[in-house]
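Enquirer: the sequence and its predicted three-dimensional model are supplied below.
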Amino acid sequence: MLDAFSRAVVSADASTSTVTDINALKAFVASGNRRLDAVNAIASNASCMVSDAVAGMICENQGLIQAGGNCYPNRRMAACLRDAEIILRYVTYALLAGDASALDDRCLNGLKETYAALGVPTTSTVRAVQIMKAQAAAHIQDNPSESFAGAKLRKMGSIVVEDRCASLVAEASSYFDRVISALS
Amino acid sequence: MKSVVTTVIASADAAGRFPSTSDLEAVQGSIQRAGARLEAAEKLAANLDNVAKEAYDACIKKYSYLNNEGEANSTDTFKAKCARDIKHYLRLVQYCLVVGGTGPLDEWGIAGQREVYRSLGLPTAPYVEALSFARNRGCAPRDMSAQALTEYNALLDYAINSLS
């Protein structure tokens, strides 16, 4: 498992040169608190994100919770919620490290094959991941939609910078995209 | 590669939980100390060749017998290899400064070091001398800030200890 710093070291070592792009790492350090806020925003809202994403996936495909569906009975629904939480957790790790290796090595490696063997429909899984991607973006921006959230609207209240952490939103989205492409 | 962040993630993963507040605080602490490390890494990278050359010259000066026929510094090929080794250690020190831990030195420098030097019949004292020279050569604020120099010297001490 690598983070942004050790990734720089490993790639420098491949050409036996010193790490020269120190400025990129300084930028990582300078925006470190934003990154920690983003991780905190996801981690604090994780259970809500997971249940909403799975509920959204089922809303769009009611067959999942009817007899023969992959979220029927409760035992399989529970497995589905658990898996969504695991995926979100590894995306959070990747965001914290600033590198996808934790996600790749510990979560995505062999996931597609496992799901194929267990008969899990990847299109549905991908849909849940897409919903989590949108949720994560909203939480990192701390800009939840009032029209959708209604009375349940919750803001983290951290001071959000002008660009609403656009680079972190893009980075988090790239990790979700990684999950999606690993599954499809 | 071990660093504060990967250690935090590994332990959170072992417990199957999201990063907790104390995890985030540990990472924040490491990020706050990163400024000095990166400064040292930047300065060292910019002067790596000179630092390595001076350290090499110092150790050959002290152990001049190495230039004798059949010794480790006797031919041009051997000289180049000696200089390369010193530079290699300094490069690993730079990696450690970047990562914020001793992982690169441990994994790529120290693991197997004793066996290699024993089988090649190389003395470790000249390496110690070269790194000690670099250890005492750095000067704050001429070369880098005091905090950065502390980080740099601590890693050189670590490398010296591994060789002695």
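Expert: That came through, no problem.

Enquirer: which residue, other than its chain neighbours, is closest to residue 145?
Expert: You didn't pick a chain, so chain A it is. residue A:138 (6.8 Å; C-beta to C-beta, 6 or more residues apart in numbering or on different chains). To be clear about C-beta, it is placed using only N, CA and C from the backbone, and glycine gets the same treatment.

Enquirer: other chain: chain B
Expert: Nearest residue to residue B:145, sequence neighbours excluded (C-beta to C-beta, 6+ apart): residue B:39, at 6.1 Å.

Enquirer: list the helices and strands the helix or strand hosting that neighbour packs on?
Expert: Residue B:39 is located in helix B:21-62, with elements delineated by DSSP states H and E. Counting contacts by 3 or more C-beta pairs under 8 Å, 6 or more residues apart in numbering or on different chains; DSSP states H and E, helix B:21-62 packs against helix A:22-30, helix A:32-44, helix B:4-15, helix B:76-99, helix B:125-137, helix B:146-163.

Enquirer: and that helix, how far from the chain's centre?
Expert: Centre-to-centre, helix B:21-62 and its host chain are 8 Å apart (C-alpha atoms, centre = their mean, to the nearest Å).

Enquirer: how much space separates residue A:112 from residue A:184?
Expert: Going from residue A:112 to residue A:184 by C-beta to C-beta, to the nearest Å gives 8 Å.

Enquirer: ok, residue B:71 next?
Expert: Residue B:71 sits 62 Å away from residue A:184, going by C-beta to C-beta.

Enquirer: go ahead and confirm the residue nearest to residue A:145 touches residue A:144.
Expert: Yes. Using C-beta atoms under 8 Å, residue A:138 is in contact with residue A:144, at 5.1 Å.

Enquirer: how about the contacts made by the spatially most central residue of chain B?
Expert: Central residue of chain B (C-alpha atoms, centre = their mean): residue B:93, 2.4 Å from the mean position. Each residue near residue B:93 by C-beta atoms under 8 Å, 6 or more residues apart in numbering or on different chains is listed here: B:44, B:105, B:152, B:155-156, B:159.

Enquirer: show me what from chain B comes close to chain A.
Expert: By C-beta under 8 Å from any C-beta of the partner chain, the residues of chain B that approach chain A are B:1, B:3, B:5-6, B:8-10, B:12-13, B:16-21, B:24, B:27-28, B:31, B:34-35, B:38, B:41-42, B:44-45, B:48, B:91, B:94-95, B:98-100, B:103-104, B:108.

Enquirer: quick check on these: which are buried?
Expert: Using 16 or more other C-beta atoms under 10 Å in any protein chain shown as the burial test, the residues of chain B next to chain A include B:1, B:3, B:5-6, B:8-9, B:12-13, B:18-19, B:24, B:27, B:31, B:34, B:38, B:41-42, B:44-45, B:48, B:91, B:94-95, B:98-100, B:103-104, B:108 as buried.

Enquirer: longest helix in chain A, by residue count?
Expert: helix A:74-97 (DSSP state H).

Enquirer: how about that one: buried residues?
Expert: Applying 16+ other C-beta under 10 Å to helix A:74-97 flags A:76-77, A:80-81, A:83-85, A:87-97 as buried.

Enquirer: give me the pLDDT for residue A:159.
Expert: Predicted confidence (pLDDT) for residue A:159: 67.

Enquirer: over to residue B:78?
Expert: We have a pLDDT of 89 for residue B:78.

Enquirer: ok, and the closest non-adjacent residue to residue A:136?
Expert: Using C-beta to C-beta, 6+ apart, the closest residue to residue A:136 is residue A:172 (5.0 Å).

Enquirer: picking up where we left off before, ok, residue B:71 and residue A:184, which is more surrounded?
Expert: Between residue B:71 and residue A:184, residue B:71 has the larger neighbour count (other C-beta atoms under 10 Å in any protein chain shown), namely 14 against 10.

Enquirer: let me see the domain layout of chain A.
Expert: A:1-30, A:31-183 (automatic domain parsing).

Enquirer: output the below-cut-off pLDDT ranges for chain B.
Expert: Along chain B, no part satisfies pLDDT under 70.
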